[in-house]
Each structure stands twice: as C-alpha cells, then as structure tokens.
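Peer 1: model the following, please.
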Amino acid sequence: MYSEAIELKEPTLIQVPPRLTVLEAVEFRKNCQELCQADTPPGKIIFDFSDTTFMDSSGLGALVSNFKLTKDKGIELLLKDVRPQVMAVLSLTGLNEVLPLEQTTNTETEKSTSKSEIVPPPTHPSIYSWIKRSIDVLGAIVGLVITAVLFVPIAIAIKLDSPGPIFFGQIRCGWMGKKFRMWKFRSMCANAEQMKSQVQNQIAGPLFKNDNDPRITKVGRFLRKTSLDEIPQFWNVLIGEMSLVGTRPPTPDEVEKYEVPEWQRLDVKPGMTGEWQVNGRSQIRNFEDVIRLDLQYQENWSLMYDIKLIFKTVFILFNKNSGAY
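Peer 2: Purely as a prediction, here's the structure:
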C-alpha cells in the first residue's frame, strides 16, 4: 500500500501508509514532489500518520526530503496524528523538535504510553540481538584494553609529529541517522576540516577520498595504514553507538545527498568493520559500491557472518596492501 494523495481545496492531505519502508517511501516522496511542482501547488500539505505504525530509515529519508522540499517551495507542512512507534523514530533523530506536529486522536492507550516505553522499530534483526550486543561489549572491553596499552606511544608520536590534540572526534550518522561523535587517533593536521575544500576529491558522489591527501601527517599515514587510528572507536561500540561489525558510518553531509533508497544503509548500526573493510575500502571509488556492500551485509547478516567478517578483518590488517589512506 502506497501513500495516497487526497486533493482538497486547502490544504492537501497525504495519507501515509501503515508501513513506510523503501517502496512506500519512494512513492511518498514522489507524491509530495508532484504536489510541490504542480502549476498551482497547495499552500499547506498535511501528512496523516494516523495509520502508520512502522517507519524505517527509508521512510525517515523520504520524510526529511519532503520537509526540505516544502520548505524550499514555501509550503506549510504539518504531521498529523503521529503514532508512538513513529514518534520514537522522530525522537531518536531529534526531528520531533523540528517538524510541526499535531495530535487530534484521543486514544487513551497512546496517551498513557510514556517516552520510556516507546522503543524505535526493529528495522533489522541485528538491532535488538542481545547476543550481538554481548559480543560488541566483550570485544569493546578487550579493544579498550589494547587501546590503553598503545595509548602512550601513539600519543607521544602524534604530539612529536604535529601540534594539536591526540584524539579527533567527528560527527557521524548512526542507526536511523542519529548523530554521534566518532573517535579516532588524530591522523591529520589540526586544521584538516578547514582545509578540506582545498583538497581534490578523487571519487564521485558523497564520499571523499584523496590518495595523497596533504593533510595527513607522517605518523597519521602509519596509523591509517595499520588502522590503529580507529581503535578509540571501541568506546563508541561500548556505549552502543556503533557495533564491531556493521555498515560504514557516514558523515551528515554525505547523508544530505542521499536519495531515498540509499537511506536503507542506516537500518543497522555502523560498524568498525564490515563488507566495505574486507573488500578493499581504500580501493573503492564508487559510492554505489559502498551502498551495494552495505546492503549486502544487511541481507546476509547472521551472528556467524559477523564472526567471519571479524576474522577476515584481522587477516586484512596483517596484509601490507590493506589499510586506509
């Protein structure tokens, strides 16, 4: 069932389907786009969520896209009767504070549902797997012990090589697009973010890569080659923002450029390793390949598959031709 546009004099109502996943989300986006680009677009569009009890990352992506489109066109937008299951998704990403909402239903059960009882939807079997989470916690503890042992020599090397902090924190998008700060040992000069516009991007699409990026320090190049720059991410895994195995964590500016189907990669937690890691991440030159590998991980996921990818990653780290640039 797809979203159905109901033409009214003023405003225009779009009935959102019970499940807003990729197929429905694409249609949802298309309906809104057609309304906004009509010869006489409506002054106000209402998204009726009264029947919607499930929304994954694709649905979230379509909603964000529609919000930007209506804002650009100067069209008023309103989300009506958002159910608790969808509200949990909006709250996870902070969109409940951005999008205009109106509740007209008087369902007592929904009124009595506290925020603590509202759980975001299980967009993928791995999300609420307690065994996967247990492996993450155990692996993170071991990883943090290793990080503590290596901290002093790495910190000294970073400080002697270039001025600036030891750690580098960058905002990334996690499960369902929720933003978090991902930690690394600093491998670039302190003002690397400000210099990014001066460096040529050698790949097409939202990703950024330069094989000879001048911002990378001498110590940083070694840390990247050995992937030691990433071991502080064990902290992100321990607190549940990341997983040991998952999809590549994108930056917010990358997500800004996503089409609706590409949001599917956010249906699972980002990982320290994954298909993109063991399939030559430094050699990947197409954004489509990243999407393909991330969706391949989601499709093939199992606990045994995670364990296999972890062992493959360990093998890759000892391969002199592996590592990030």
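Peer 1: what's in contact with stretch 192-209?
Peer 2: Outside stretch 192-209, the residues that touch it by CB atoms under 8 Å, 6 or more residues apart in numbering are 189, 210-211, 213-215, 250, 253-258, 284-288, 290, 325. (Glycine included, C-beta is placed from N, CA and C.)
Peer 1: give the rounded mean pLDDT of it.
Peer 2: Averaging pLDDT along stretch 192-209 yields 73.
Peer 1: now which of the contacts of stretch 192-209 would you call buried?
Peer 2: By neighbour count, with 16 or more other CB atoms under 10 Å, the contacts of stretch 192-209 hold C189, D213, R215, P250, E254, V255, Y258, I284, F287, V290 as buried.
Peer 1: longest helix of the chain?
Peer 2: helix 130-161 (DSSP state H).
Peer 1: next, the buried residues of that helix.
Peer 2: For helix 130-161, by 16+ other CB under 10 Å, it's 132-133, 135-136, 139-140, 143-144, 147, 154, 157-158, 161.
Peer 1: following it, which helix or strand shows up next?
Peer 2: The helix or strand immediately downstream of helix 130-161 is strand 167-173, counting by DSSP states H and E.
Peer 1: helices or strands next to that next one in the packing?
Peer 2: strand 179-185, helix 252-256 (3 or more CB pairs under 8 Å, 6 or more residues apart in numbering; DSSP states H and E).
Peer 1: can you lay out those as CSV showing distance to F222 and mean pLDDT?
Peer 2: As requested, these are exported to CSV (distance: least, CB to CB, whole Å; pLDDT from 0 to 100):
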stretch, distance to F222, mean pLDDT
strand 179-185, 11, 96
helix 252-256, 26, 89
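Peer 1: now those as a markdown table including distance to R265?
Peer 2: Listed next are the helices and strands packed on strand 167-173 as a markdown table, based on distance: least, CB to CB, whole Å:
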| stretch | distance to R265 |
| --- | --- |
| strand 179-185 | 15 |
| helix 252-256 | 10 |
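Peer 1: nearest to F67, out of those?
Peer 2: Closest approach to F67 among the helices and strands packed on strand 167-173 (CB to CB): helix 252-256, 12.5 Å.
Peer 1: so what touches that closest one?
Peer 2: With contact meaning CB under 8 Å, 6+ apart, helix 252-256 is reached by I171, R172, C173, G177, K179, P206, L207, W263, L266.
Peer 1: can you lay out the buried residues of helix 130-161 as a markdown table showing distance to P18?
Peer 2: Shown next, in a markdown table, are the buried residues of helix 130-161 (distance: CB to CB, whole Å):
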| residue | distance to P18 |
| --- | --- |
| K132 | 28 |
| R133 | 29 |
| I135 | 34 |
| D136 | 32 |
| G139 | 38 |
| A140 | 37 |
| G143 | 41 |
| L144 | 43 |
| T147 | 45 |
| I154 | 51 |
| A157 | 56 |
| I158 | 52 |
| D161 | 56 |
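Peer 1: out of these, which one has the lowest pLDDT?
Peer 2: D161 (91).
Peer 1: of the buried ones among the contacts of stretch 192-209, which belong to strands?
Peer 2: Among the buried ones among the contacts of stretch 192-209, none falls in strands (DSSP state E).
Peer 1: biggest separation within those, which pair?
Peer 2: Farthest apart among those - using CB to CB - are C189 and Y258, which lie 29.4 Å from each other.
Peer 1: if you rank the contacts of helix 252-256 by neighbours, which is first?
Peer 2: Within the contacts of helix 252-256, L266 tops the neighbour count with 28 neighbours, counted by other CB atoms under 10 Å.
Peer 1: leaving out sequence neighbours, find the closest residue to that one.
Peer 2: Leaving aside its chain neighbours, L266 sits nearest to S57 (4.0 Å; criterion: CB to CB, 6 or more residues apart in numbering).
Peer 1: my guess is V16 meets T53, correct?
Peer 2: No. Counting by CB atoms under 8 Å, T53 is not a contact partner of V16; they are 10.5 Å apart.
Peer 1: done for today, thanks.
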